[in-house]
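Engineer: Provided below are the primary sequence and the corresponding predicted coordinates.
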There are 2 protein chains.
Amino acid sequence: MTHKDSTSLRERLRLPPGLPVDLSRYDAAATPGGPHGKAAGKAATGRIGERLAVLQERLWAASTGGDRRRVLLVLQGMDTSGKGGTVKHVIGLLNPSGCRITAFTAPTDEERAHPFLWRVERALPIPGELGIFDRSHYEDVLVARVRDLAPAPEIARRYEQIKRFERSLTDDGVTLVKCFLHLSYEEQRRRLLKRLDKPEKRWKFAASDIDDRALWPAFQEAYGIALERCGTPNAPWYLIPADHKWYRNWAVSTLLLEHFEELDPRYPEADFDVAECRRRLLEQP
Amino acid sequence: MTHKDSTSLRERLRLPPGLPVDLSRYDAAATPGGPHGKAAGKAATGRIGERLAVLQERLWAASTGGDRRRVLLVLQGMDTSGKGGTVKHVIGLLNPSGCRITAFTAPTDEERAHPFLWRVERALPIPGELGIFDRSHYEDVLVARVRDLAPAPEIARRYEQIKRFERSLTDDGVTLVKCFLHLSYEEQRRRLLKRLDKPEKRWKFAASDIDDRALWPAFQEAYGIALERCGTPNAPWYLIPADHKWYRNWAVSTLLLEHFEELDPRYPEADFDVAECRRRLLEQP
């Protein structure tokens, strides 16, 4: 390992806000700061999950005492980069009651009739919750840019709108954890072929995935721009090398854990007289 | 054991629709059809969870091919009966992406301004999902009846409204699994005392829990009426003895599994030419 263990994963994976991002310079098969290999990675993720579950309950408990804080995990990445797998394997370690998961697909007619952030605002976590976005408002500067789904000046405005939106969230007690799952072109091919070859995976495949893949360079460029323009000190982007699923799961769970540990949510004090309640309970027939 | 293993748990725990229900005749500490003891129960629940997760994914996959079916688990029971614990330990075994969980608390002003089923309709699972209601529309004939939150004739109408509502759901492809978590008065006292004694559990306690407990007989009667009037052949109620948490978790997961197995969801056929897609993928640079 080239880094000391004391370096947080946040520091290691954070894209420096405001600097240009050239994705071709990042190795998608890297495992920075991670355990040594798949077995160790899976075991470590399980242990992290247990710690996360405790802190998740504490965050919820704190909200019952008036703590407005909540966490929002944003997952972005190309097809097969593992957004759904991360939800299954990382979020699956937590109490589902406290998780508000939204998978954003193509907007409906009603959603299109509203400003692009409208549907996102309706999916936000409430105090105490961990919100999870599988795709997000970033699609409106990614696929929208690559496929010309909106006029160029409109797309240009959206970066600033997103920054203002996220700033209002962080001001209001939302901890944003924005993860870009960085996949290589070759690994995507392997994963798409696997979806085709296994009958029980075919439902995840769409012929349009091949068309999107033909636009790979345009998508990488659009990601680079979005990561650069919308990474801020309060809401930075993290680049997660995602060719190794075990590393991706370990990294996302570790990033969540570091953020939850910083929040350090506390159980609220009782707002009732414990001794008195105890007595009343024992006196009941 | 007095029953053969071939008896499904559904048959065993189902309250016969239309017959009077006297809850005092059911032992909340019973473990009908269950594994022998806590350790075996926990292990069995883990294995059931793995099978459930596979069927859950299949139900979701089927929905992408046009299958409209979905499942709705309704959890009702007195305070501390383990509704939240069931979500944590049973639903926690599944892929959270496919679960739509709603905990119903006291209705907001807006919800009160609408018919009582309005907020429930908005929380229904979509095709392929497992919906989970932690409390439900039944509160409107339970706490509403016991605490006179609505006029008696209005409450009386609601039983029929609930039956019609649920009939429209089952007609439309919803499998309803309605579980009453049956807790004993003494076990509730123990659990409330535990919440008081452990500082990290106090946030779950409210002084109003003691007031509700003073109304125990009225709640039991209200439950008996609701279970009798709203149990139908298509949407029966299941009575889950809930004094043993391990049995409660095993029973709810087993009931879910039996229902999912009956649904027997299938992966959809590919609606694209697999060989052609394969060729295109390999030809891309």
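Structural biologist: Now that the structure is in, tell me what you want to look at.
Engineer: which stretches of the stretch 1-150 of chain A form strands?
Structural biologist: For the stretch 1-150 of chain A, the strands defined by DSSP state E, counting those that start in this stretch cover A:70-77, A:99-103, A:130-134.
Engineer: distance between the last one and the chain's centre?
Structural biologist: Centroid separation between strand A:130-134 and its chain, computed with CA atoms, centre = their mean, to the nearest Å, is 6 Å.
Engineer: which strands or helices does it pack on?
Structural biologist: strand A:70-77, helix A:83-89, strand A:99-103 (3 or more CB pairs under 8 Å, 6 or more residues apart in numbering or on different chains; DSSP states H and E). Any C-beta I mention is one placed from the backbone N, CA and C, and that applies to glycine too.
Engineer: and the ones you listed: which comes nearest chain B?
Structural biologist: Among the helices and strands packed on strand A:130-134, the nearest to chain B by CB to the nearest CB is helix A:83-89 (4.8 Å).
Engineer: now do the buried residues in that closest one.
Structural biologist: A:Lys83, A:Gly85, A:Thr86, A:Val87, A:Lys88, A:His89 (16 or more other CB atoms under 10 Å in any protein chain shown).
Engineer: ok now it, how far from the chain's centre?
Structural biologist: Distance, centroid of helix A:83-89 to centroid of chain: 10 Å (CA atoms, centre = their mean).
Engineer: and after the lowest-mean-pLDDT helix or strand in chain A, which helix or strand comes next?
Structural biologist: Counting by mean pLDDT, DSSP states H and E, chain A has its least confident helix or strand at helix A:208-214, which shows a mean of 93. Downstream of helix A:208-214, the next assigned helix or strand under DSSP states H and E is helix A:216-229.
Engineer: contact partners of that next one?
Structural biologist: A:15, A:18-24, A:76, A:78, A:138, A:141-143, A:145-146, A:159, A:163, A:180, A:185, A:212, A:237, A:239 (CB atoms under 8 Å, 6 or more residues apart in numbering or on different chains).
Engineer: now do that helix against strand A:70-77, angle only.
Structural biologist: Put simply, helix A:216-229 runs at 150 degrees to strand A:70-77, going by axes from the mean of the first three to the mean of the last three CA atoms, to 10 degrees.
Engineer: pLDDT score for A:Glu57?
Structural biologist: With respect to pLDDT, A:Glu57 has a value of 97.
Engineer: and it, what does it touch?
Structural biologist: Applying CB under 8 Å, 6+ apart, the residues near A:Glu57 are A:Asn95, A:Gly98.
Engineer: which residues touch A:Trp52?
Structural biologist: Not Trp; residue A:52 is Leu. A:Leu52 neighbours (CB under 8 Å, 6+ apart): A:Leu93, A:Leu94, A:Ser253, A:Leu256, A:Leu257, A:Phe260.
Engineer: also A:Phe133?
Structural biologist: The contact partners of A:Phe133, by CB under 8 Å, 6+ apart, come to A:Leu72, A:Leu73, A:Val74, A:Leu75, A:Thr102, A:Phe104, A:Val120, A:Ala123.
Engineer: surely the fifth one is in contact with A:Gly131?
Structural biologist: Spelled out, that is A:Thr102. Yes: counting by CB atoms under 8 Å, A:Gly131 is a contact partner of A:Thr102 at 7.5 Å.
Engineer: quickly list what's touching both of those two.
Structural biologist: Taking CB under 8 Å, 6+ apart as the criterion, A:Thr102 and A:Gly131 both touch A:Ala123.
Engineer: hmm, back to that, dump the strands of the stretch 1-150 of chain A into CSV; add mean pLDDT as well.
Structural biologist: Formatted as CSV, the strands of the stretch 1-150 of chain A follow (pLDDT from 0 to 100):
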stretch, mean pLDDT
strand A:70-77, 98
strand A:99-103, 97
strand A:130-134, 98
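Engineer: with adjacent residues omitted, what lies nearest to the closest residue to chain B within the stretch 1-150 of chain A?
Structural biologist: In the stretch 1-150 of chain A, the residue found nearest to chain B is A:Ala61; the distance is 4.2 Å by CB to the nearest CB. Once flanking residues are discounted, A:Ala61 sits nearest to B:Trp203: 4.2 Å by CB to CB, 6 or more residues apart in numbering or on different chains.
Engineer: likewise for A:Ser24?
Structural biologist: Nearest to A:Ser24 is A:Gln220, by CB to CB, 6+ apart, at 7.2 Å.
Engineer: tell me the residues on the stretch 1-150 of chain A that lie near chain B, please.
Structural biologist: A:61, A:64-65, A:84, A:87-88, A:91-92, A:94-97, A:99, A:101, A:103, A:134 (CB under 8 Å from any CB of the partner chain).
Engineer: pull up the distance across stretch A:142-149, start to finish.
Structural biologist: End-to-end span of stretch A:142-149 (CA to CA, to the nearest Å): 10 Å.
Engineer: buried stuff in it?
Structural biologist: Neighbour-count burial for stretch A:142-149 [16+ other CB under 10 Å]: A:Leu142, A:Val143, A:Ala144, A:Arg145, A:Val146.
Engineer: ok, now stretch A:165-181?
Structural biologist: A:Phe165, A:Glu166, A:Leu169, A:Val174, A:Thr175, A:Leu176, A:Val177, A:Lys178, A:Cys179, A:Phe180, A:Leu181.
Engineer: closest residue of the stretch 151-285 of chain A to chain B?
Structural biologist: Closest approach between the stretch 151-285 of chain A and chain B, counting by CB to the nearest CB: A:Trp203, at 4.2 Å.
Engineer: report the contact partners of that residue.
Structural biologist: By CB under 8 Å, 6+ apart, the neighbours of A:Trp203 are B:Ala61, B:Thr64, B:Gly65, B:Tyr267, B:Pro268.
Engineer: filter the contacts of helix A:216-229 down to just the ones in helices.
Structural biologist: A:Val143, A:Arg145, A:Val146, A:Tyr159, A:Lys163, A:Tyr185, A:Asp212 (DSSP state H).
Engineer: per-residue confidence for the second one?
Structural biologist: pLDDT recorded at A:Arg145 is 95.
Engineer: same deal with the fourth one?
Structural biologist: Each residue has a pLDDT score; the one for A:Tyr159 is 97.
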